[in-house]
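>>> just the structure for this:
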Amino acid sequence: MIRTIYFIILAYFLLGGLAFYFINRNKEPRQAQQGWVKYASYFVIIHVLFASIIFDPRAFRWLAVIIVATGIFELFRLFLRSGYQKKRFFAAFLLIFLVFSFGFLVFSGLSQGLILFTFLILSIFDAFSQVTGQLFGRHKIFPKISPNKTVEGLIGGVLIAIVSAVLIEGLISASPTDAMLMAAGVAVFALVGDVATSWYKRQYGVKDFNRLIPGHGGFLDRFDSLIGGGAWIAFLSLLMNVF
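Presented below is the predicted three-dimensional model:
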């Protein structure tokens, strides 16, 4: 099963690479180069996370702690650089982030199959919402907060994620319907996490938290959707256990 999953990942990457070729061929050389740097960085990140989930769950838990700790640092750093502006907004956002981070840390301790399922759905949604958005995007969803996100990109990412959920439903021993509903929830919360951090950055007048990850920015620029989607699965698991 794991080998099949990995081949699915590689197939999606090849498909995404082909799409990036068509996207980048009409761009200026510098923009095209930045696009390929982002693609290569994403390839490395996906493999690191995939390996941590497959070979040693403790490794993924430590990565989750690092992601959350670095995210908190990036929020504080931007707040400090602004000269402590918008204190109430910062306090409210930090509280919400801590709630989602708690959910994400709980998620990192769930079963391997559930973590892998969520991770794959997140990766597929994130990648193909960007690809379909750049290929077909015309209508912006949040033009002032996240101008690159489009209705067409969101629809494309969600549809591919839902279809993919059926292919990997064996990871969670769920029916196709349940797998698709879980995937839809993951996509929604991934979008919420992404848009929330974009809103935070706009409040302080920056595009990225930093340039730590080539082509992506800071940890929150890359992992905000993972925190949101992971938190959703954790909260869903807690609710299912209660009821």
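>>> neighbours of the closest residue in space to S108 that isn't next to it in sequence, how many?
If you skip the residues right next to it in sequence, S108 has A64 as its closest partner in space, 3.7 Å away by C-beta to C-beta, 6 or more residues apart in numbering. (Glycine included, C-beta is placed from N, CA and C.) Number of residues near A64 (other C-beta atoms under 10 Å) recorded here: 24.
>>> I figured A64 hits F104, correct?
Yes: the pair A64 / F104 is scored as a contact, 6.1 Å apart, by C-beta atoms under 8 Å.
>>> what do these two both touch?
G230 (C-beta atoms under 8 Å, 6 or more residues apart in numbering).
>>> ok, which stretches of the protein are helices?
Per DSSP state H, the chain carries helices over the ranges 2-24, 29-55, 57-81, 87-107, 112-136, 151-167, 176-203, 219-242.
>>> show me the shaky parts of the chain.
1, 241-243 (pLDDT under 70).
>>> tilt between whichever strand in it runs longest and helix 176-203?
If you go by DSSP state E, the chain has its longest strand at strand 146-150. Orientation check (axes from the mean of the first three to the mean of the last three C-alpha atoms, to 10 degrees): strand 146-150 against helix 176-203 gives 160 degrees.
>>> so what strands line up beside strand 146-150?
With DSSP bridges as the test, strand 146-150 is paired with strand 140-142 (antiparallel).
>>> just how off-centre is the strand it pairs with within its chain?
The chain centroid and the centroid of strand 140-142 are separated by 18 Å, computed with C-alpha atoms, centre = their mean, to the nearest Å.
>>> please apply the same query to stretch 30-37.
Going by C-alpha atoms, centre = their mean, the spacing between the C-alpha centre of stretch 30-37 and its chain's C-alpha centre is 20 Å.
>>> and for stretch 35-50?
So, by C-alpha atoms, centre = their mean, the centroid of stretch 35-50 is 12 Å from its chain's centroid.
>>> report the buried residues of that stretch.
With burial defined by 16 or more other C-beta atoms under 10 Å, the residues of stretch 35-50 counted as buried are 35, 38-39, 42, 45-46, 49-50.
>>> next: stretch 76-89.
For stretch 76-89, the neighbour count (16+ other C-beta under 10 Å) marks 78-79 as buried.
>>> ends of it, how far apart?
Length of stretch 76-89, first residue to last, C-alpha to C-alpha, to the nearest Å: 12 Å.
>>> neighbouring contacts of that stretch?
Residues from elsewhere that reach stretch 76-89, judged by C-beta under 8 Å, 6+ apart: 90, 200-201, 203-206, 209-210.
>>> just the buried ones from the residues you listed, in ChimeraX syntax?
In ChimeraX syntax, the buried subset of the contacts of stretch 76-89 is picked out as below (16+ other C-beta under 10 Å):
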select :90,200,201,203,204,209,210
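>>> for the contacts of stretch 76-89, give me CSV that also has distance to V151.
Output for those, formatted as CSV (distance: C-beta to C-beta, whole Å):
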residue, distance to V151
F90, 31
Y200, 23
K201, 22
Q203, 24
Y204, 27
G205, 26
V206, 26
F209, 26
N210, 30
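>>> out of the contacts of stretch 76-89, the closest to P176 would be?
Using C-beta to C-beta, Y200 comes nearest to P176 of the contacts of stretch 76-89, at 36.6 Å.
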